[in-house]
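J.: Would you be able to build a 3D model of this:
(chains A, B, C and D)
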There are 2 protein chains.
Amino acid sequence: MSRVVAERPDVIATLAEVFREHGYDGASLSLITEKTGLGKGSLYHFFPGGKEEMAEAVLGDIASWFQTNIFEPLRNGETPATAIDDMFAAVDSYFRQGRRLCLMGVIAASGAHDRFSVDLNRYFADWRTALAEALGRRGIPESERQALAEEVIGGIQGALILARSLGEAEAFGRVLTRLKARCHSSQT
Amino acid sequence: MSRVVAERPDVIATLAEVFREHGYDGASLSLITEKTGLGKGSLYHFFPGGKEEMAEAVLGDIASWFQTNIFEPLRNGETPATAIDDMFAAVDSYFRQGRRLCLMGVIAASGAHDRFSVDLNRYFADWRTALAEALGRRGIPESERQALAEEVIGGIQGALILARSLGEAEAFGRVLTRLKARCHSSQT
DNA sequence: ACATGATTGTACCAATCGGTAAACATTTTA
DNA sequence: TAAAATGTTTACCGATTGGTACAATCATGT
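T.: Presented below is the predicted three-dimensional model:
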């Protein structure tokens, strides 16, 4: 039962943190080796495709976390209002009150963005669809849903960058509060 | 009068494009050499501090462009309402209707962000201050100004990332329109 | 106890990284 | 027109990059 050696899933969380902090190009193999405590041998055993496969694995992991914890509840939550509130709470906690960047955003803003365009596209498109659907059940008119969803999702991404740049993590919470209010005031 | 050889300002625009497209770490000297048409010798003649000084020069250039074309009009525009409208128009054009990323955001989301934290901080703080001031003259209450300014500036950043990730440049325009409306509906 | 597969450490690779040196060409100024 | 700036070319540097090969080690079911 107890395994002294590492297993692939164990590494992914650390990999995510390295990519988040240093970007795709900035995350060198030696840095990854250092932070994970795994030598190149182990790394290439788990990820034969190298750095690209490592990033792909991390992005897949994140995508499925959001699918389970954010998108799914938005689509099937008891009441849409609480589902939306839950989304904001989960987002605030996931991004550590504005102290943690979104790896999807980090990759999107990097030179490696075209290498992972499929993952990026699916992540944002799924989020937009799920949120728009919840907004629809909340009574937001068809014509408004998608645009409001885009405003909210983009707003979250931007608030993370803003908070980091200003060195004011609290700015993230302030924006989040406003975006949540948008979702609750039916019109506009 | 006519100069065959290059001058420092000529290079900066090209450098900006390279950093924007490939990020700080992704913009290798050989790539910069290729895109600018300048050899390492010329590059290091203009920027003795190397890559870091190149990026610093580009960020300074961008900062002063925004200072002149966005922040200053916000502070001293005839009427605050048109100053704000002008800001949105200038932003839409500067970011090529969502097809161009913000280099400040790109750097902020990269591993090199702490190397340029001063520039990033000033850029976003200045923008926030200038916009909040214009919103104040527009009648937005003191308590609202800063938060709304943060929502707008963050919203712009996020919309750029969203538009690129979705492969839908138009999403940027949609968000911009909504943010502009926020600035004009006095309350909330 | 032993074979087996999963995991890891070490040494190595060519290519590229950012950066330097200095001879060379071109303009500008005096 | 000569000297002094200014700009350019080329060759080179050590360090680091992502990646490979493979023998050694480990945990485990039989």
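J.: What parts of chain A come near DNA strand C?
T.: When proximity is defined as C-beta under 7 Å from any atom of the strand, chain A approaches DNA strand C at A:Val5, A:Ala6, A:Glu7, A:Leu38, A:Gly39, A:Lys40, A:Gly41, A:Ser42, A:His45, A:Phe46. All C-beta spots, glycine's among them, are computed from the backbone N, C-alpha and C.
J.: Mind checking which of those are buried?
T.: Neighbour-count burial (16 or more other C-beta atoms under 10 Å in any protein chain shown) applied to the residues of chain A next to DNA strand C gives A:Leu38, A:Ser42, A:Phe46.
J.: can you redo those as CSV with pLDDT and secondary structure?
T.: Below are those laid out as CSV (pLDDT from 0 to 100; DSSP: H, G, I helix; E, B strand; the rest coil):
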residue, pLDDT, secondary structure
A:Leu38, 96, coil
A:Ser42, 96, helix
A:Phe46, 96, helix
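J.: picking up where we left off before, and of the residues of chain A next to DNA strand C, the nearest to DNA strand C?
T.: Nearest to DNA strand C among these is A:Gly41, at 2.3 Å by C-beta to the nearest atom of the strand.
J.: Ramachandran coordinates for A:Gly37?
T.: For A:Gly37, the backbone dihedrals (degrees, to the nearest 10) come out as phi 80, psi 10.
J.: how near is it to B:Arg164?
T.: Note on A:Gly37: its distance to B:Arg164, by C-beta to C-beta, to the nearest Å, is 35 Å.
J.: Who has more neighbours out of those two?
T.: Ranked by neighbour count (other C-beta atoms under 10 Å in any protein chain shown), A:Gly37 and B:Arg164 place B:Arg164 first, with 25 against 10.
J.: Name the helix or strand for that one, please.
T.: Taking DSSP states H and E as the definition, B:Arg164 sits inside helix B:142-166.
J.: How far does that helix sit from its chain's centre?
T.: In terms of C-alpha atoms, centre = their mean, to the nearest Å, the centre of helix B:142-166 is found 13 Å from the chain centre.
J.: do the same with stretch A:141-149
T.: Worked out by C-alpha atoms, centre = their mean, stretch A:141-149 lies 22 Å from the chain centre.
J.: any idea of the mean pLDDT in it?
T.: Regarding stretch A:141-149, the rounded mean pLDDT is 96.
J.: which sections of chain A are below the confidence cut-off?
T.: A:1-6, A:186-188 (pLDDT under 70).
J.: so which residue of it comes closest to DNA strand D?
T.: For chain A, C-beta to the nearest atom of the strand, closest residue to DNA strand D: A:Gly50, 2.6 Å.
J.: Any figure for the gap between the residue nearest to A:Trp127 when sequence neighbours are not counted and DNA strand C?
T.: Excluding the flanking residues, the one nearest A:Trp127 by C-beta to C-beta, 6 or more residues apart in numbering or on different chains is A:Ile153, at 5.4 Å. Plainly put, A:Ile153 is 33 Å away from DNA strand C if you go by C-beta to the nearest atom of the strand, to the nearest Å.
J.: what helix or strand does A:Val58 sit in?
T.: Using DSSP H and E, A:Val58 falls in helix A:51-66.
J.: which other helices and strands contact that helix?
T.: With contacts taken as 3 or more C-beta pairs under 8 Å, 6 or more residues apart in numbering or on different chains; DSSP states H and E, helix A:51-66 sits against helix A:8-26, helix A:29-36, helix A:103-108, helix A:117-137.
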